[in-house]
Structure formats: C-alpha cells, structure tokens
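[1] need a structure here:
(2 chains)
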There are 2 protein chains.
Amino acid sequence: MQTTSADNASKRAIVLFAHGARDPLWAEPFELLAQRLRTLRPDCEVRLAFLELMSPSLPDCVAELAAQGMHHITIVPAFMSRGAHLRRDLPQIVEGARTQHPEVEIAVTDALGESPAVLDAMAQWITGSL
Amino acid sequence: MQTTSADNASKRAIVLFAHGARDPLWAEPFELLAQRLRTLRPDCEVRLAFLELMSPSLPDCVAELAAQGMHHITIVPAFMSRGAHLRRDLPQIVEGARTQHPEVEIAVTDALGESPAVLDAMAQWITGSL
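    You can find the predicted model right below:
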C-alpha cells in the first residue's frame, strides 16, 4: 500500500544504541527501557542496536528502518558516559548511515547517563537502597 | 582521637563502581552523581572506584575506607546492565575485600541501569528529547 507524505512525515523511530555483551541476559534492561518507550510513544518504532557482540548492528538497524520508510531516527546512546565508543566510533557510524540514507534525518542524543534528570533518579535510588 | 562505637557505627560509605576508560572526561557523570549523593547524604563518605584504566581500583578504595574506620560500605555498580564484569569480576573482588576487611560490612546493590525508577527516568528523558 502506498503511503502519503503525511504518513511518511510521522514515521519516527528511536534506536537505543548499547555496547553489547556475550551474555544474552545483558540486554534485558534495554528491552525494559524499549517497552517503556513503546508505551509512552506508541507512534514511534523503538529498536535496540549494538556496537558489538549482539545484533543488529547500528548500520543494519538504520538500514532496516530506512527500508520501512522511517524519515526521522533518533539514536540514544545507552551508555553511562562518553568514552571512545561514543566520541570516535558512533560519529563514524552515523556519518556512514547518513551517507547511505540521505532521505532519513538522523539525530543523536547525549548519553543516557549524562542526563541531569537521570542522574537525579540514580541518586535518589541509591539513597533509597542504603 | 579515639572514636566511640556509636561514632563507628555511623561511619558509612557509598562507592560508585564504574568500568573506567582512557579518556579522563569519561568520569564526569560519575563525579556529578557523587556530588548529588554528598548533598543527599552528607553523613556518608562517597567515592568512585574503577574496574580498569582509572584509579583507584575497588580493592584500594575499600582498603582506604576501612583504614578510615568505615563500618558499612555500599558498592553501587554504575553500569547500564550486568555482564561478565558484574556477574564474574565484581563478586570475586568483593569476596577478596570481605576477607581482607572482616570488620567492614560490604553490601552490593543492583546495577544502576537495572533500577525501575532509573529506567522510568531514562524513558521520560528520551521522550522529552525527541
């Protein structure tokens, strides 16, 4: 079925970009976060993507979303802070994705662990755990 | 000056245990979190410790806190999730610290990124960033 430009304009995706690990259980908190996002924003497609050890990779994830006609993709680095993976690797991956999919607007947020609101919640949770 | 047992009983520390990275800027969000904790709990000593690439190590940090007479140490894994570092390395480090410092009660919380309250804050922050 052909979509109208109004349909396409609303096609927005959120990609939680995490490091990846050998243990499949490692992905659980990211799945839980994705579920929360789907509840809060049922209009958005929400996906996980990984730097290494888990799939899909970020380029594969973006390619799949682009093939589905997504016009806006927001990449959220699900990291505690920004080291070389986010300062060096991620910009290169995003540059490649923008070149491959010039029709898609790709935004990248701060790392989750850098957000003041998230830091506040962490501090409150810790003091409640003592 | 000799402290009373009441003084000692109140000597409580929080250690934010993070992975570590080569880039010194990487530690900034953890410093910000430590500052929040010092404001919320001025009665607690709050420290950072690292698995690798940054110092102090967790064993060194615990040894220093024990030497200062801390009787309760709560270790908070400042990780998004639990992979091998938390499932394998951290229990070994904690077991070693408990053997070295039997007078200190050492507790370990869940990883920060696993807490439902923190996941809620992350989801809210992401939807506000779109």
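[2] Mind checking if the host helix or strand of A:Pro29 is in reach of chain B?
    Assigned by DSSP states H and E, A:Pro29 belongs to helix A:28-40. Yes - counting by Cβ under 8 Å from any Cβ of the partner chain, chain B has neighbours in helix A:28-40: A:28-30, A:32-33, A:36-37, A:40. All C-beta atoms are positioned from the backbone trio N, CA, C, and that covers glycine.
[3] Remind me what the next helix or strand after that helix packs against, helices and strands.
    Per DSSP H and E, the first helix or strand lying C-terminal to helix A:28-40 is strand A:44-50. Secondary-structure packing of strand A:44-50 (3 or more Cβ pairs under 8 Å, 6 or more residues apart in numbering or on different chains; DSSP states H and E): strand A:12-18, helix A:28-40, helix A:58-67.
[4] 10 Å instead, please
    Packing partners of strand A:44-50 (3 or more Cβ pairs under 10 Å, 6 or more residues apart in numbering or on different chains; DSSP states H and E): strand A:12-18, helix A:28-40, helix A:58-67, strand A:72-77, helix B:116-128.
[5] helices or strands up against the fourth one?
    The reference is to strand A:72-77. Strand A:72-77 packs on strand A:12-18, strand A:44-50, helix A:58-67, helix A:90-100, strand A:105-108, helix B:116-128, going by 3+ Cβ pairs under 10 Å, 6+ apart.
[6] hang on, the earlier thing: for B:Pro56, state which of the residues of helix A:28-40 next to chain B is nearest.
    A:Pro29 (27.0 Å; Cβ to Cβ).
[7] in chain A, which ranges drop under the pLDDT threshold?
    Along chain A, segments meeting pLDDT under 70 span A:1-10.
[8] nearest residue to A:Val118 other than its sequence neighbours?
    In space, and not counting its chain neighbours, A:Val118 is closest to B:Ala121: 5.0 Å by Cβ to Cβ, 6 or more residues apart in numbering or on different chains.
[9] For that neighbour, give me its contacts.
    A:112, A:115, A:117-122, A:124-125, B:115 (Cβ atoms under 10 Å, 6 or more residues apart in numbering or on different chains).
[10] same question, A:Thr127
    Counting by Cβ under 10 Å, 6+ apart, A:Thr127 has contacts B:14, B:36-37, B:40-41, B:44.
[11] what do you get for A:Met122?
    Per Cβ under 10 Å, 6+ apart, neighbours of A:Met122: A:80, A:113, A:115, B:16, B:29-30, B:32-33, B:36-37, B:76, B:78, B:112-113, B:115, B:117-118, B:121-122.
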